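In: how would this look folded up:
(one chain, ligands or ions: 2)
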Amino acid sequence: MRTQVGIVGAGPAGLLLSHLLARQGIESVVLENRSQEYVEARVRAGVLEHDTVQLLTDVGLGDRLHREGLRHDGIHLQWPGTRAHIDFPGLTGGRSVWVYGQTEVVKDLIRARQAAGQQLFFDVSGTAVCDIDSAQPAIRFVDADGSEQVVACDVIAGCDGFHGVSRPRIPAAASRTWERQYPFAWLGVLAQVAPSTDELIYAWHPRGFAMHSMRSTRVSRLYLQVDPAEDIGAWPDERIWDELDTRLALDGWTLGRGPVLEKSITPMRSFVSAPMRFGNLFLAGDAAHIVPPTGAKGLNLAVADVRLLAEALTAKYRRGDTNGLDGYSDSALRRVWRKTHFSWWMTSMLHTTSGDEFEHQLQLSQLKYVTSSPAAATSLAENYVGLPLDATR
Ligand code: APR
Ligand code: PHB
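Out: Ligands and ions are numbered 1, 2, ... in the order given. This next block holds a predicted model:
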C-alpha cells in the first residue's frame, strides 16, 4: 500500500487528521488496533471548547453536535455553603463550550471517514513505525485477516495515545519528557438520570473533589476524587451516591439518582514529551501529552494539534512549503504547556489532601478570588473556553 500520510490510531486525533487532510485532497490510511465497536463505546471526556466546535462545524461534522449537544455558558464552582457561577460569554466576548461526548465525536468521525470510502483499518496488530528518519517511512502491521501489510508513506502521524508505539520510536537522546503523577484518581460514573444541574458543578470538599457533569438531558456523568489505589469493588452504587450527596450538598438542592451504566477509576497525570516531531514522524494528541481531566482539555488539545498538523501538511503538498512542518513541534508545544498549566492549576485548586488545613485555606481563598474578581474569573474563563489558536501559535 502507498499513501501520503500514514496515521497510527483512530482516536479523535487520528480520525480528525484524516478527515481534515481528505478535505484538502491529501490521502491517508488510518490503522487502529482495537475494534470499531470498542472505539465507539469507550467513555471519555465530554466538553468541547468554542474553537473545537467551530472547527468541527466548518468541516461538516457539526450536524449531530448542534442537534444533540448542549451549549454551556459557564460552570459552577462550589465549596461548602456556596455555589458560584462563572459566566463564560460575559467574560470572554461571547465564547462558550459545548457538552457533547468524545464518544459521539468519534462516532461522527468514523461515519464520515467510512462514507467517504477512506482507508480505515480496525483490529490490526503488530503495528511498527519504520524508517522515520528517511524520506520513505513505512508502517508495518497485520490486518484483521492475519495478512502482513506495509504502508509506504511520505509522513507518519503518531496519533496512538499514551501507550502507543510511535513515541518510543523517537530516540531517547533526541527527546525529553516531563511528568507529574498526582496522588488522586477520579472515580467516574455514567448514570441514566437527568442532570440535576443546568451547568457543570466543580465542587471542592474537605473529603475530596466531586463533579457533576452530563452527556445529555437524560444521562449524567459524575466524578469523585479517590485514592489511586482505591478498588472499584469497594464502591457499590449506593456508596457512590451517598458520597456524591455529601460532597455536592447545597441547601435547597438535591441530586437525582438513577441506574449506573458504567463506573471506573482513572489515575491522574500530567505528561509532556518534546519534540513532537522526529524526522518524518509527527506526534499528536495523547501520544505526546496527557493532562489531568480537571478542565476537560485532553480532547481539545488533540484537536488543536491535528489542526496545526493538517495546515502544515497542506502547505507542504500545495506549495512545497515545509515551514509549518518545521515549526509544528514548537507551535504545538506552546499550547500544550498553556493547557498543562491550566489543568494542573484547576486540579491543584480543587483536590484536597486530608489533614492539610493550610492547603485547604489557600484553596478556599483562591476559589473565593476566582469567583469574585473579574480579572481572576476572566483568566479561568478564557482558558476553559479555549484560547484562540492564533493566541498560542
Ligand atoms: N496501533 C494502532 N492503534 C493504536 C496502537 C497501535 N500500536 N496503540 C494505540 N492505538 C490506538 C488506541 O486504541 C486509540 O484508539 O490509538 C488510539 C489513540 O486514541 P486516544 O487514546 O483517544 O488519543 P487521541 O486521539 O490523542 O485523543 C486524545 O482522548 O484519551 C483521551 O483524554 C484524552 O480526550 C483526550 C483524547
Ligand atoms: C466529563 O463530562 O467527562 C468532564 C467534564 C468536565 C471535566 C472533565 C470531565 O473537567
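
In: which SSE is the closest residue to ligand 1 within the stretch 101-250 of the chain in?
Out: Relative to ligand 1, the nearest point of the stretch 101-250 of the chain is Gly161 (2.9 Å; C-beta to the nearest ligand atom). Glycine gets a C-beta too; all of them are placed from N, C-alpha and C. Of the helices and strands defined by DSSP states H and E, none includes Gly161.

In: how about the nearest residue to it, chain neighbours excluded?
Out: Nearest residue to Gly161 in three dimensions, chain neighbours excluded: Asp286, at 4.4 Å (C-beta to C-beta, 6 or more residues apart in numbering).

In: Could you report the neighbour count for the residue of the stretch 101-250 of the chain closest to ligand 1?
Out: Counted by other C-beta atoms under 10 Å, the residues lying close to Gly161 total 19.

In: cool, and Gln149?
Out: 16.

In: OK, contacts around it?
Out: Residues in contact with Gln149 (C-beta atoms under 8 Å, 6 or more residues apart in numbering) are 1, 140-143.

In: Try it again at 6 Å.
Out: By C-beta atoms under 6 Å, 6 or more residues apart in numbering, Gln149 lies in contact with 141, 143.

In: Next: the one 4 residues further on.
Out: With contact set as C-beta under 6 Å, 6+ apart, Cys153 has these partners: 3, 6, 137.

In: go on, Arg42?
Out: Contacts for Arg42 (C-beta under 6 Å, 6+ apart) come out as none.

In: mind checking the backbone torsions on His212?
Out: Phi and psi for His212, reported as degrees, to the nearest 10, are phi -110, psi 110.

In: Tell me how many other residues crowd the residue lying closest to it once chain neighbours are set aside.
Out: Once flanking residues are discounted, His212 sits nearest to Ile201: 4.2 Å by C-beta to C-beta, 6+ apart. Counted with other C-beta under 10 Å, the neighbours of Ile201 add up to 23.

In: beta partners of Ile201?
Out: His76, His212 (DSSP bridges).

In: And the strands in the stretch 51-200 of the chain, which stretches?
Out: Ranges of strands within the stretch 51-200 of the chain are 70-72, 74-79, 82-87, 97-99, 119-121, 125-130, 138-142, 148-152, 155-158, 176-191, based on DSSP state E, counting those that start in this stretch.

In: Need these in JSON lines (columns: distance to ligand 1 and mean pLDDT).
Out: Listed next are these as JSON lines, based on distance: least, C-beta to the nearest ligand atom, whole Å; pLDDT from 0 to 100:
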{"stretch": "strand 70-72", "distance to ligand 1": "17", "mean pLDDT": "97"}
{"stretch": "strand 74-79", "distance to ligand 1": "18", "mean pLDDT": "98"}
{"stretch": "strand 82-87", "distance to ligand 1": "22", "mean pLDDT": "98"}
{"stretch": "strand 97-99", "distance to ligand 1": "14", "mean pLDDT": "97"}
{"stretch": "strand 119-121", "distance to ligand 1": "9", "mean pLDDT": "95"}
{"stretch": "strand 125-130", "distance to ligand 1": "4", "mean pLDDT": "98"}
{"stretch": "strand 138-142", "distance to ligand 1": "7", "mean pLDDT": "98"}
{"stretch": "strand 148-152", "distance to ligand 1": "12", "mean pLDDT": "98"}
{"stretch": "strand 155-158", "distance to ligand 1": "9", "mean pLDDT": "98"}
{"stretch": "strand 176-191", "distance to ligand 1": "12", "mean pLDDT": "97"}
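
In: Would you mind finding the most buried of those strands?
Out: Of all the strands of the stretch 51-200 of the chain, strand 155-158 has the most neighbours on average by mean count of other C-beta atoms under 10 Å, namely a mean of 28.

In: for that strand, packing partners?
Out: Applying 3 or more C-beta pairs under 6 Å, 6 or more residues apart in numbering; DSSP states H and E, one finds that strand 155-158 contacts strand 5-8, strand 281-283.

In: The last one - which strands sit beside it in the sheet, and in what orientation?
Out: By that I understand strand 281-283. The strands beside strand 281-283 in its sheet (DSSP bridges) come out as strand 155-158 (parallel), strand 277-278 (antiparallel).

In: can you list those strands in JSON lines and add distance to Ala194?
Out: JSON lines is the format used below for those (distance: least, C-beta to C-beta, whole Å):
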{"stretch": "strand 155-158", "distance to Ala194": "40"}
{"stretch": "strand 277-278", "distance to Ala194": "46"}
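
In: could these go into TSV alongside distance to ligand 2?
Out: TSV is the format used below for those (distance: least, C-beta to the nearest ligand atom, whole Å):
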stretch	distance to ligand 2
strand 155-158	25
strand 277-278	29
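
In: Gly298 is nearest to which of these?
Out: Gly298 lies closest to strand 155-158 among these, at 16.3 Å (C-beta to C-beta).

In: how about the helices of this protein, start to end?
Out: Applying DSSP state H to the chain gives helices spanning 12-23, 36-41, 50-58, 63-68, 88-92, 102-115, 237-248, 298-319, 323-350, 357-370, 374-385.

In: Please name the nearest non-neighbouring residue to Pro388.
Out: Asp51 (6.3 Å).

In: Kindly state the pLDDT recorded for the one you found?
Out: Here the pLDDT value assigned to Asp51 is 96.

In: give me the number of residues near Ala234?
Out: 9.

In: so who does it touch?
Out: Residues near Ala234 by C-beta under 6 Å, 6+ apart: none.

In: mind checking how far the closest residue to ligand 2 within the stretch 201-350 of the chain is from Glu37?
Out: The nearest approach of the stretch 201-350 of the chain to ligand 2 comes at Ser213, 3.2 Å away (C-beta to the nearest ligand atom). For Ser213, the distance to Glu37 (C-beta to C-beta, to the nearest Å) stands at 24 Å.

In: measure the residue of the stretch 101-250 of the chain closest to ligand 1 to ligand 2 for me?
Out: Separation of Gly161 from ligand 2 (C-beta to the nearest ligand atom, to the nearest Å): 17 Å.

In: Okay, domains of the chain per the record?
Out: 5-46+101-175+275-351, 179-268 (automatic domain parsing).

In: With distance to Thr371 as added columns, please give those domains in CSV.
Out: Output for these, formatted as CSV (distance: least, C-beta to C-beta, whole Å):
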stretch, distance to Thr371
domain 5-46+101-175+275-351, 11
domain 179-268, 11
